[in-house]
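Novice: Got a predicted model here, sequence first, then my questions.
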Amino acid sequence: MAGVARGGKAAPRITGKGKAIVMPGAGPGGKAALLLAGRGRIIVVAGVGPGGRAVAPLAGRGKTIVTPGVGPGGRDGLRMTGRGRIIVVAGAAAGGRAVAPLAGRGRIIVMPGVVRGGRAVRPLTAKGKIIVVPGVTPGAAPGSVTGEKGMKIGFIGTGNMGNPMAANLIRAGHQLTVHDLRREAATNLLEMGAGWADSPREAVPGNEAVLTSLPVPRDVEAVILGEGGILEGAGSGSVIIDLSTNSPTVVRRLHEICAGRGVALLDSPVSGGVYGAAAGTLAVMVGGDKATFERFELTLGAIGSHVVYCGDIGAGSVCKICNNLMSMGIGVLLSEALTLGVKAGVDLATLADVIAHSSGSSRRLTEKFSRFLFQGNFEPGFATALAAKDVRLATDLGREYGVPMDLSNLVDQRHVEAMFRGFGGEDSDAVARIQEEKAGVQLRLDGLGG
Ligand code: NAD
C-alpha cells in the first residue's frame, strides 16, 4: 500500500490464496475497499482521487483488477466472480460511475472514457471475451450500452417492474410487442415505439422470446396456459422467460407442459426494486436450460447488472424466494430494533445512521426504509400483497421440503396481519406500521445521515 494520503482510508482484506494487494495513490478522503476471496492474485487500485471510492470485490479465480484514474467524486464498482481474468476501468472521470460485474468465464472488460455524469452498466456473463465501452456520453441510459441489439421480444405485464424493464429493453435496441390487462400501463412504452398485442397469444408470433412480469403464480399460469394465452400462439422453438417471483414448483410444472409443446421456459426473477428496474441494475437469477440462458444472457443484461445462471428450472425462483424472505424478515426485525431504540431515548436519525454504518446494516434500511417508511411514502414500490406472497412462497417451500422455519412463519403471520389490515395495495414498508402502532413510535425521517 503505497501513498495512501492524509484522510485516505484503505481497507484491504485478503482471504484464501491471494498473493498481493497494491494500492498506490488513494488520495485524501478516498476510500478503497478491496476484498479478495478465493484464489485471486493481485489487485491494484491506482489513483483513487479525493472522495473517490473504489470497491473491487474479487471472488473465485480472478487474476488481476486494475482501476486507474478514478477521479474526484467518481465511484467505481467492480465485481468479478467465477473465472474472470482482468478488469480494467480507465479514466472514469469526475462523477462518472462504472459498474462492471463479471460473472462466469469472462476475460477482459475495458471501459475507457466514462465521462462526467455518464454511466455505464456492463454486465458480462458466461463466455464473453472482451468488452470495450468507449466514450459513454453524459446521461447515457444503461440500456444503451448493454445487451445484444435488435431482438424481437414480446413483453407481458408492464406494471411497476415490467414497465421500466421493458423500457430498458427498448433503449437497448430491441423491438417490443407489449401486453397488459391495463393498456394504460404501457402508454409510455407505446410512445417509445413498442407495438401493442391484444392478448398474450398475440405477443408471441415472430418474437424470439416472450417475457412475463406478473403478480402471482396463478397469473403466470393463466397467461401461459389460459385462453388466449402464450401457448396458443407458441410453437416449437418458442421461448418464455418469466421475470415474476414465482413458485419453483409451479414453474417446474409449467416447464414440463411447455416442453411437451417444444417451448422452452426459463424462470428469471429479478431483485432490486423499482429503482433498480429503472436504472437497469437488477439482479437477475435464471433457472432452466443453460444453452437457452446463454442465448438470452446479454439481452437480460439490459435489465440487470448481475445476471446469474442458477441451475435447472426453478433454481432462479428458489434463489429469489430465499432472498425475499431475508428482505421481509429483516424489515420486521428492523422495525422492532428502530422502535426500541427510539423509545429508549435515541433519535431516529442517529440510530439509523449508526446502524447503516455498522454490522446491522442492510439494504432494507439504506435503500428501502429510507425511501418509503421513513418518508411516510407507501405508494408501491413493492406492494405488501406481493411481499406477503413471497414470504408465503418461502414458508410453503419449507413445508414442501421439510425444512423447519420458525422465524419465517412469524414473519409470514406479520404479513398476514398486514393484509388483514388492508395494507395489500400499499408498499411493503407499510408492514412496519404494525410495529409502530404496537410500540407507540413513528419512524419518520427526511433521509439517512452521512
Ligand atoms: P404490478 O402489479 O405493478 O404489475 C403487474 C402487471 O401485470 C400489472 O400491470 C397487471 O395489470 C398485469 N397483469 C396481471 N395479470 C395479468 C394478465 N393475466 N395478463 C396481462 N397482464 C396482467 O407488480 P410488480 O410490482 O411489477 O411485480 C411484478 C412481479 O415482479 C411480481 O411477481 C413481483 O413479486 C416481482 N417483483 C416485484 C418487485 C417490486 O419492487 N415491485 C421487485 C422484484 C420482483
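Specialist: Yep, it's here. Numbers count the residues shown, from 1 in each chain.
Novice: In space, what's closest to whichever residue of the stretch 151-300 of the chain sits closest to the ligand - neighbours in sequence excluded?
Specialist: Among the residues of the stretch 151-300 of the chain, Gly159 lies nearest to the ligand; the distance is 1.8 Å by CB to the nearest ligand atom. Just so you know, the C-beta spots here come from the backbone N, C-alpha and C atoms, and that holds for glycine as well. Leaving out its chain neighbours, the residue that sits closest to Gly159 by CB to CB, 6 or more residues apart in numbering is Ala185, at 5.9 Å.
Novice: re earlier: can you tell me which residues contact the residue of the stretch 151-300 of the chain closest to the ligand?
Specialist: 180, 185, 213, 215 (CB atoms under 8 Å, 6 or more residues apart in numbering).
Novice: Spatially, which two of those are the most separated?
Specialist: Ala185 and Pro215 (12.3 Å; CB to CB).
Novice: I figured Asp267 hits Val318, correct?
Specialist: No - assessed by CB atoms under 8 Å, Asp267 is found out of contact with Val318, at 9.0 Å.
Novice: anything in contact with each of the two?
Specialist: By CB under 8 Å, 6+ apart, the residues touching both Asp267 and Val318 are 248, 287.
Novice: more neighbours, these two?
Specialist: Neighbour tally, Asp267 and Val318, criterion other CB atoms under 10 Å: the higher count belongs to Asp267, 33 against 22.
Novice: Which strand residues bridge that one?
Specialist: Judged by DSSP bridges, the bridge partners of Asp267 are Asp242, Gly287.
Novice: What residues of the helix or strand hosting Met328 count as buried?
Specialist: Using DSSP states H and E, Met328 sits in helix 315-343. Under the neighbour-count criterion of 16 or more other CB atoms under 10 Å, helix 315-343 has 315-321, 323-335, 337-339, 341-342 buried.
Novice: The ligand contacts on this structure?
Specialist: Within the chain, the positions adjacent to the ligand are 156-162, 179-182, 185, 213-215, 219, 222-223, 244-245, 270-271, 273-274, 382, 386 by CB under 6 Å from any ligand atom.
Novice: pLDDT value on the residue in the stretch 301-450 of the chain positioned nearest to the ligand, please?
Specialist: With CB to the nearest ligand atom as the measure, Phe382 is the residue of the stretch 301-450 of the chain nearest to the ligand, at 3.3 Å. At Phe382, the model reports a pLDDT of 97.
Novice: OK, contacts around it?
Specialist: Contacts of Phe382 (CB under 8 Å, 6+ apart): 160, 273-274, 427-428.
Novice: Among the residues you listed, which lie within helices?
Specialist: 273-274 (DSSP state H).
Novice: most surrounded residue in the contacts of Phe382?
Specialist: Ser428 (31 neighbours).
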